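K.L.:
after the sequence you'll find the predicted model.
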Protein chains: 2
Amino acid sequence: MLSGGRTKIAELLKSTAFGTEVVVKGWVRTKRGNKNVAFIAVNDGSIIHNIQVVADVAKFDENLLKEITTGSCVKVAGTLVESLGSGQPVEIQASSIEIYGTADPETYPLQKKGHSLEFLREIAYLRPRTNTFGAVLRIRHAMAYAIHKYFNDHGFFYLHTPLITGSDAEGAGAMFGVTTLDLNDVPKTPEGAVDYSQDFFGKPCNLTVSGQLEGELGALALSQIYTFGPTFRAENSNTPRHLAEFWMIEPEVAFFELEDNMELAEDFLKYLIRYALDNCQDDLQFLAKMYDAELIDRLKFVVENDFVRLDYTEGIDILVRSGVKFEFPVSWGLDLQSEHERYLVERHFKKPVILINYPKEIKAFYMKQNDDGKTVRAMDVLFPKIGEIIGGSQREENLDKLRRRIEEVGVPEKDIWWYLDTRRWGSAPHSGFGLGFERLLLFVTGMGNIRDVIPFPRTPKNAEF
Amino acid sequence: MLSGGRTKIAELLKSTAFGTEVVVKGWVRTKRGNKNVAFIAVNDGSIIHNIQVVADVAKFDENLLKEITTGSCVKVAGTLVESLGSGQPVEIQASSIEIYGTADPETYPLQKKGHSLEFLREIAYLRPRTNTFGAVLRIRHAMAYAIHKYFNDHGFFYLHTPLITGSDAEGAGAMFGVTTLDLNDVPKTPEGAVDYSQDFFGKPCNLTVSGQLEGELGALALSQIYTFGPTFRAENSNTPRHLAEFWMIEPEVAFFELEDNMELAEDFLKYLIRYALDNCQDDLQFLAKMYDAELIDRLKFVVENDFVRLDYTEGIDILVRSGVKFEFPVSWGLDLQSEHERYLVERHFKKPVILINYPKEIKAFYMKQNDDGKTVRAMDVLFPKIGEIIGGSQREENLDKLRRRIEEVGVPEKDIWWYLDTRRWGSAPHSGFGLGFERLLLFVTGMGNIRDVIPFPRTPKNAEF
């Protein structure tokens, strides 16, 4: 039932039912052999490993065997037998082979030789067929599932915050406009302004940069919510760390103060990484072998260490006293760069770090103000190799303080009256944070470029497929 | 740990630890009482039921008690005691009460009287605090989790297909443009056309109407994938069934033919509805009582019946022979309206129906062509009350047939060369379907308007919050 008339290779490779008849369907990775026998490695995406199909040349039509080339899709029926030479415990002695689709070796781009990640990015529509992207996409799935499972198990409700927004209040970055107006002939008012009354929503709208503000509305009703959805930045940043479209996870919890928020972030990240270690060993080992020998040690480093918690001010002291010559000089009041964050994690503490109580000037308006008048109850979780992986805070729940801060930073009240209203009626202490999903995946997969951990990256001048 | 210093009401209501000291935090739904005692109903969103807090008036400051009004947020410490009168098995004898946030009865919109759904739509940012929307949002969470769990347990991989797309090939509906150009001053080429080279992606881009085409790329590499993400339609439809932004689930499976696809759809839908019956009883009972007395029977109807499977042609015959005077007359070649679908399900078969083999002219270009030259291997799953809940098909895997069909319907090959390439190299039979998440939720919650099953609806002239 629901098998599509085949057994998945992930199951076959665990089987010891030698002598049984099986059907496997998948794509040919390699074919080799001699005049008497052909060895065909077949992969179906269920696992990184191939199953070896052994075909007696005499039993099969010569032309059929010729058409079995790298990338072709086949259905193989045969006997499951113990394998000695294939690198896997089992192989299939083929009794029949059907070709679903050929792959002309003259044109098919994914021949068995290795390809550069740059080349594969250009053919992103085919790269899921490679070992590397099969591994990355399976890990991506496992992490997404672990996120949902963690929150469900802890009584959080998944809140779908809107993608199209008429408010620009969060100010987290440049936004994409969303419109149904004809750009060839934008309608104008008599005064010469864009006539947004003719646009779909009757006003200018954008793609969201964060679901947090709406997430707070949910938390102040359901206590514990999380978002997990696409998020957008229209920044012209062509770097290995930036995407114009990415996925973000934002839990928000009523009655949580900053300490609870730190507990949640640490427990959550450790759960996810333990989940990867427990469920993605084959794929992690492949990626470690191919790209990043220290990958698995780095994952264990996070799971096995308590996160250090310290004030931003102490962090700055440590960096200043270190005597290290950083590319970006460091002093109180400046935002930390990745090099500073990594120094604290990798060299000073040798543990993941949660830095708290940042200067209010470098953090968002909604963060809870400390009594010192200078800092806010922000928290950044810093990881080896990538620096900040989570940013969050306790939120300001006092209406008057929040209004003053909004005025200071210049957010018009008319844009977020509804957000302020949550502090007007039934306000409560609450906290939350954001985790960039692709940032997490860079850490878990060890890949170096964020374009290689999302199926179809969107970057400046690139929206292919 | 991770409790925020409180016990959730969902847990307390199941507890029999009478006499223990507990802390509860939440929002006041009602307060009543007399000179001697106040009864305060507190809700924290973890469950639809309130817990009753009993406060001896003499023990508390008079002004404090006065400020405990509907909508205010409180922390209550006290003793868990067995309850006789509150309608719940337990209540709290309060020893201390702290008010986190008041809610001025003169201004707070959600007083204890019932509110119309229309009014609540206008204050969508507050409606999660009502019983109705608490119930809907908890069910929404449960269904989203069940979807991920079902696919994970069956070896599907969650594929994040892109939201911003440079292709308009699926043709499922009108699209929103995505741009960083200044609409006040759209740059033009010397020839007077929009100069898209200055736009973020260097070409016109839109918000996706379906992840299916990219989903097929994934399925033809990983065998089994599903998408679950936001989808957009810029159609000016102000109806209880249309949203401009909604969430869609699209599984796609290599090696599945139409029969497998039907099995999957039936098994999947039954799993989801059984999950709701098993996990959301309190919320379902509330919604049944308030809005739709037949709700739970309708859910059981789906779980307990085998779905009828029949050809579109037979379905048309039944409708024609029925003698029923439909608003829309019915004949072979026409698409079915909801009234026709519901007749088949509710009156003729009294079972859910899967209708297959539709005329090719009313279905999408990518559906597998039958040998009769007239029909394609489409399938629609039809449910009581709402009609079509799932639409899907086996896909055309033959490159030549697909190209001819694309030419017939006028999709330029240059727009989907990458899609065609999957049939060029390693093609395979495959199938999939789409389930509108809000359509599912209309069915599961019994709500009548799609704007009431998504937190922040986007519709023509409406993108609030």
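P.N.:
That came through fine.
K.L.:
shouldn't A:Val253 be within a helix?
P.N.:
No: under DSSP: H, G, I helix; E, B strand; the rest coil, A:Val253 sits outside any helix and is assigned strand.
K.L.:
what about it, distance to B:Gly19?
P.N.:
Using Cβ to Cβ, to the nearest Å, A:Val253 is found at 29 Å from B:Gly19. No exception for glycine: its C-beta is placed from N, CA and C like everyone else's.
K.L.:
neighbour-wise, which of these two wins?
P.N.:
Using other Cβ atoms under 10 Å in any protein chain shown as the criterion, A:Val253 and B:Gly19 rank with A:Val253 on top: 24 against 9.
K.L.:
contacts only, for the more buried one.
P.N.:
Contact partners of A:Val253, counting by Cβ atoms under 8 Å, 6 or more residues apart in numbering or on different chains, are A:156, A:219, A:223-225, A:260-261, A:264, A:430-432, B:4.
K.L.:
go with 10 Å
P.N.:
Contacts for A:Val253 (Cβ atoms under 10 Å, 6 or more residues apart in numbering or on different chains) come out as A:154, A:156, A:215, A:219, A:223-226, A:260-261, A:264, A:429-433, B:2, B:4.
K.L.:
check A:Gly333 too.
P.N.:
A:Gly333 neighbours (Cβ under 10 Å, 6+ apart): A:312, A:316, A:358-359, A:361-362, A:374.
K.L.:
assign A:Gly192 to helix, strand or coil.
P.N.:
Strictly by three-state DSSP, A:Gly192 counts as coil.
K.L.:
rewinding a little: tell me the most packed of the contacts of A:Gly333, by neighbour count.
P.N.:
Of the contacts of A:Gly333, A:Tyr358 is surrounded by the most neighbours, 26 neighbours in total, counting by other Cβ under 10 Å.
K.L.:
I'd say that one and A:Thr313 touch.
P.N.:
Yes: between A:Tyr358 and A:Thr313 there is a contact under Cβ atoms under 10 Å: 9.2 Å.
K.L.:
list residues touching both of those two?
P.N.:
A:374-375.
K.L.:
ok, the residue nearest to A:Phe200 when sequence neighbours are not counted - contacts?
P.N.:
Among residues not flanking A:Phe200 along the chain, A:Thr180 sits closest, at 4.3 Å (Cβ to Cβ, 6 or more residues apart in numbering or on different chains). If you count contacts by Cβ under 10 Å, 6+ apart, A:Thr180 has them with A:198-201, A:205, B:174-177, B:234-236, B:244, B:460.
K.L.:
could you do A:Val22 as well?
P.N.:
Contacts of A:Val22 (Cβ under 10 Å, 6+ apart): A:6-7, A:11-12, A:15, A:51, A:76-80, A:90, A:92.
K.L.:
what about these, which are in strands?
P.N.:
Cross-referencing these against strands under DSSP state E gives A:51, A:76-80, A:90, A:92.
K.L.:
dump those to a markdown table, plus neighbour count, pLDDT and distance to A:Leu137.
P.N.:
Putting the ones in strands among the contacts of A:Val22 into a markdown table (neighbours: other Cβ atoms under 10 Å in any protein chain shown; pLDDT from 0 to 100; distance: Cβ to Cβ, whole Å) gives the following:
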| residue | neighbour count | pLDDT | distance to A:Leu137 |
| --- | --- | --- | --- |
| A:Ile51 | 27 | 97 | 20 |
| A:Val76 | 24 | 98 | 24 |
| A:Ala77 | 17 | 98 | 28 |
| A:Gly78 | 19 | 98 | 28 |
| A:Thr79 | 15 | 98 | 31 |
| A:Leu80 | 21 | 98 | 27 |
| A:Val90 | 20 | 96 | 25 |
| A:Ile92 | 26 | 98 | 25 |
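K.L.:
can the host helix or strand of A:Val53 be found next to chain B?
P.N.:
In this structure, A:Val53 is located in strand A:51-56 according to DSSP states H and E. No: Strand A:51-56 lies apart from chain B when judged by Cβ under 10 Å from any Cβ of the partner chain; the minimum separation is 13.2 Å.
K.L.:
packing partners for the helix or strand just after that strand?
P.N.:
Per DSSP H and E, strand A:51-56 leads on to helix A:62-67 as the next helix or strand towards the C-terminus. On a contact count with 3 or more Cβ pairs under 10 Å, 6 or more residues apart in numbering or on different chains; DSSP states H and E, helix A:62-67 meets strand A:21-33, strand A:90-101.
K.L.:
report the inter-axis angle for the helix or strand where A:Lys149 lies versus helix B:131-153.
P.N.:
Using DSSP H and E, A:Lys149 sits within helix A:131-153. Orientation check (axes from the mean of the first three to the mean of the last three Cα atoms, to 10 degrees): helix A:131-153 against helix B:131-153 gives 140 degrees.
K.L.:
give me the neighbour count for A:Lys14.
P.N.:
10.
K.L.:
now do the contacts for A:Pro429.
P.N.:
With Cβ under 10 Å, 6+ apart, A:Pro429 has these contacts: A:253-258, A:260, A:368, A:394-398, B:4-5, B:25, B:73, B:75, B:100-101.
K.L.:
so what's it scoring on pLDDT?
P.N.:
The confidence metric pLDDT takes the value 98 at A:Pro429.
K.L.:
for the one 3 residues further on, same thing?
P.N.:
Reported pLDDT at A:Gly432 in the predicted model: 98.
K.L.:
now swap in A:Ala174 and tell me
P.N.:
On the pLDDT scale, A:Ala174 gets 90.
K.L.:
pretty sure it sits against A:Pro460.
P.N.:
No: here A:Ala174 does not reach A:Pro460: they are 11.4 Å apart, not a contact under Cβ under 10 Å.
K.L.:
does A:Phe301 touch A:Lys351 like I think?
P.N.:
Yes: using Cβ under 10 Å, A:Phe301 is in contact with A:Lys351, at 8.1 Å.
K.L.:
can you list residues touching both of these two?
P.N.:
A:345, A:384.
K.L.:
outline the domain layout of chain A.
P.N.:
Following automatic domain parsing, chain A resolves into domains at A:9-110, A:127-157+A:266-452.
K.L.:
from these, which stretch is densest packed?
P.N.:
Across those, averaging neighbours per residue (mean count of other Cβ atoms under 10 Å in any protein chain shown) puts domain A:127-157+A:266-452 on top, at a mean of 19.
K.L.:
now that one, how far from the centre of its chain.
P.N.:
How far domain A:127-157+A:266-452 lies from its chain's middle: 13 Å, per Cα atoms, centre = their mean, to the nearest Å.
K.L.:
in the stretch 151-300 of chain A, which spans are helices?
P.N.:
All helices of the stretch 151-300 of chain A, identified by DSSP state H, counting those that start in this stretch, fall at A:212-222, A:258-279, A:281-290, A:295-304.
K.L.:
now these as a markdown table including distance to A:Thr30?
P.N.:
Listed next are the helices of the stretch 151-300 of chain A as a markdown table, based on distance: least, Cβ to Cβ, whole Å:
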| stretch | distance to A:Thr30 |
| --- | --- |
| helix A:212-222 | 48 |
| helix A:258-279 | 27 |
| helix A:281-290 | 16 |
| helix A:295-304 | 26 |
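K.L.:
what's the closest of these to chain B?
P.N.:
helix A:212-222 (3.4 Å; Cβ to the nearest Cβ).
K.L.:
now the closest residue to A:Ile47 other than its chain neighbours: how far from B:Pro251?
P.N.:
Nearest residue to A:Ile47 in three dimensions, chain neighbours excluded: A:Ala10, at 3.9 Å (Cβ to Cβ, 6+ apart). Counting by Cβ to Cβ, the separation of A:Ala10 from B:Pro251 is 18 Å.
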